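> sequence and predicted structure, then a few things I'm wondering about:
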Amino acid sequence: MDVLLRAYSPFSRLICRAKGARVKKGSGRQHISPIPVVSVGSLTMGGSEKTPMVIEILRLALDLGRRPAMITRGYKGDWEKRGGVLSDGRSVLAGWREGGDEPAMVARRVPRAGVFVGKHRFLSCLKADAAGFDLAVLDDGFQHLKLARNLDIVLHDADRPGPLREGFSALERAGLLLWKKGASAALLGKIRSRFPSLPVFEYEIRPEVLRSLDSDREFPADALRLKRILAVCGIARPGRFAAAVRETGSSPVASLEFPDHHAYPARSLDRISAAVEEHGIEAVVTTAKDAVKLVGRLPAALAKRTYVLEAGISLPPELVSRLRNMIRALPSRGERP
């Protein structure tokens, strides 16, 4: 048994054994994408803050003159099985129902990047190449070993380990490890000792701006600190959103928490309206992931009082510099990845 797993529950160890066996079983022949692949993944299941890192990689690549595309499964979207193009880097071609909520969010926040969804990630890479993109950013790809990659970036929050997909020994495959700042220094020390050649950097997730759901107008993140706020989210770890709202100086008087990837049927929208009435709410705050499913569906008066708290990943300057150099060094179109 991996000694580094002793801090985790017996249930987590059973889960990671089963997951690890499945990963190894599917790790034979790999497909080689015609464009280079940067994978962003994790060892834990859900809520690992991979999407902010995907957004950061896409933005860095665009700044360096590349044409990046997000390659993602499109979890719970209609196109998950058959695949599709959510964004071609010029226009958003479909919505969250087709492509899933997180891909739809990325398409909105990085409009110049492509977004290709579907469980067959290699086919998505072929489509991205045919469309003129020159870099695939593979979302949640650490265990998707059927697709070869040029770089594996792994994020880990040791304070919220959850069930593990595979053991820490899998970090032998990683090119970079991003460790949530302030999380389990003891475990981090063990990992540094076991993998001395693995570059490790700390990261944080911070609120960036508030955006009006109705008008898309941007405001400072602390603009609602004196308002009576209702916090609404449907994400894997709602406590993180609550903490982010508090970080802006606001203290919600009420909150509604829904399951991850919640589709907000009519009864859920009614619950939001009822909570606003019951608590005398002046403003509703939600996540960017939830906003793509709420826009155009709330009563007009409520939509005008609803705001999206957009968060981003904060990386140390030395890591940003390293990532820029890594992206520059990746093969160009026409070169073998």
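Alright, I've got the coordinates. Numbering: from 1, shown residues only.

> show me where the stretch 51-200 of the chain has its helices.
Using DSSP state H, counting those that start in this stretch, the helices found in the stretch 51-200 of the chain span residues 96-99, 101-109, 121-130, 185-194.

> among these, which is the most enclosed?
helix 101-109 (a mean of 26; mean count of other C-beta atoms under 10 Å). Glycine gets a C-beta too; all of them are placed from N, C-alpha and C.

> packing partners of that helix?
helix 50-63, strand 68-72, strand 84-88, helix 96-99, strand 114-117, helix 288-294 (3 or more C-beta pairs under 8 Å, 6 or more residues apart in numbering; DSSP states H and E).

> CA atoms only for the fifth one, dumped as CSV, please.
As requested, the backbone C-alpha atoms of strand 114-117 are provided in CSV (Å, rounded to 0.1, in the frame of the first residue of the first chain):
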residue,chain,number,x,y,z
GLY,A,114,-12.0,26.6,-29.4
VAL,A,115,-14.1,24.2,-27.3
PHE,A,116,-14.5,20.6,-28.5
VAL,A,117,-16.7,18.2,-26.5
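
> so what strands line up beside that strand?
Sheet pairing here is set by DSSP bridges, and for strand 114-117 it gives strand 68-72 (parallel), strand 84-88 (antiparallel).

> quick check on residue 255: phi, psi?
Backbone torsions for residue 255, taken as degrees, to the nearest 10, come to phi -150, psi 150.

> which ones are touching it?
230, 231, 232, 233, 238, 242 (C-beta atoms under 8 Å, 6 or more residues apart in numbering).

> repeat that for residue 137.
With C-beta under 8 Å, 6+ apart, residue 137 has these contacts: 37, 38, 40, 54, 57, 58, 61, 68, 69, 70, 71, 113.

> ok, 7 Å please
Applying C-beta atoms under 7 Å, 6 or more residues apart in numbering to residue 137 gives the contacts 38, 40, 54, 57, 58, 68, 69, 70, 71.

> comparing the helices of the stretch 51-200 of the chain by mean pLDDT, which bottoms out?
Mean pLDDT is lowest for helix 185-194 among the helices of the stretch 51-200 of the chain, at a mean of 92.

> does the closest residue to residue 50 other than its chain neighbours count as helix, strand or coil?
Using C-beta to C-beta, 6 or more residues apart in numbering and skipping residues adjacent in sequence, the residue nearest residue 50 is residue 40, 5.1 Å away. State at residue 40, reduced to three classes by DSSP: H, G, I helix; E, B strand; the rest coil: strand.

> who's residue 40 bridged to?
Taking DSSP bridges as the rule, residue 40 bridges to residue 139, residue 153.

> from residue 206, how far out is it?
Residue 40 sits 18 Å away from residue 206, going by C-beta to C-beta, to the nearest Å.

> one step back: mind giving me the PyMOL select for the contacts of residue 255, buried ones only?
Per 16 or more other C-beta atoms under 10 Å, the buried members of the contacts of residue 255 correspond to this PyMOL selection:
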select buried, resi 230+231+232+233+238
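
> closest one of the contacts of residue 255 to residue 125?
For these, the residue nearest residue 125 by C-beta to C-beta is residue 233; the value is 32.0 Å.

> one step back: closest one to residue 299 among the helices of the stretch 51-200 of the chain?
The nearest among those, by C-beta to C-beta, is helix 96-99 at 19.9 Å.

> just how off-centre is that closest one within its chain?
16 Å (C-alpha atoms, centre = their mean, to the nearest Å).

> thinking again about what came up before, contacting residues around the residue nearest to residue 50?
Shown in contact with residue 40 (C-beta under 7 Å, 6+ apart): 50, 53, 54, 57, 137, 138, 139, 141, 153.

> list the contacts of the first one.
With contacts defined as C-beta under 7 Å, 6+ apart, residue 50 is in contact with 40, 41, 42, 139, 140, 155.

> re the thing from before, let's have the contacts of residue 255 in JSON lines, adding distance to residue 258 and secondary structure.
Output for the contacts of residue 255, formatted as JSON lines (distance: C-beta to C-beta, whole Å; DSSP: H, G, I helix; E, B strand; the rest coil):
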{"residue": "230", "distance to residue 258": "13", "secondary structure": "strand"}
{"residue": "231", "distance to residue 258": "12", "secondary structure": "strand"}
{"residue": "232", "distance to residue 258": "8", "secondary structure": "strand"}
{"residue": "233", "distance to residue 258": "7", "secondary structure": "strand"}
{"residue": "238", "distance to residue 258": "8", "secondary structure": "helix"}
{"residue": "242", "distance to residue 258": "14", "secondary structure": "helix"}
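
> re the thing from before, want to throw the helices and strands packed on helix 101-109 into a markdown table with distance to residue 216?
Formatted as a markdown table, the helices and strands packed on helix 101-109 follow (distance: least, C-beta to C-beta, whole Å):
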| stretch | distance to residue 216 |
| --- | --- |
| helix 50-63 | 17 |
| strand 68-72 | 21 |
| strand 84-88 | 17 |
| helix 96-99 | 17 |
| strand 114-117 | 19 |
| helix 288-294 | 10 |
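
> what's the closest of those to residue 304?
Checked against C-beta to C-beta, the stretch from these lying closest is helix 288-294, at 12.8 Å.
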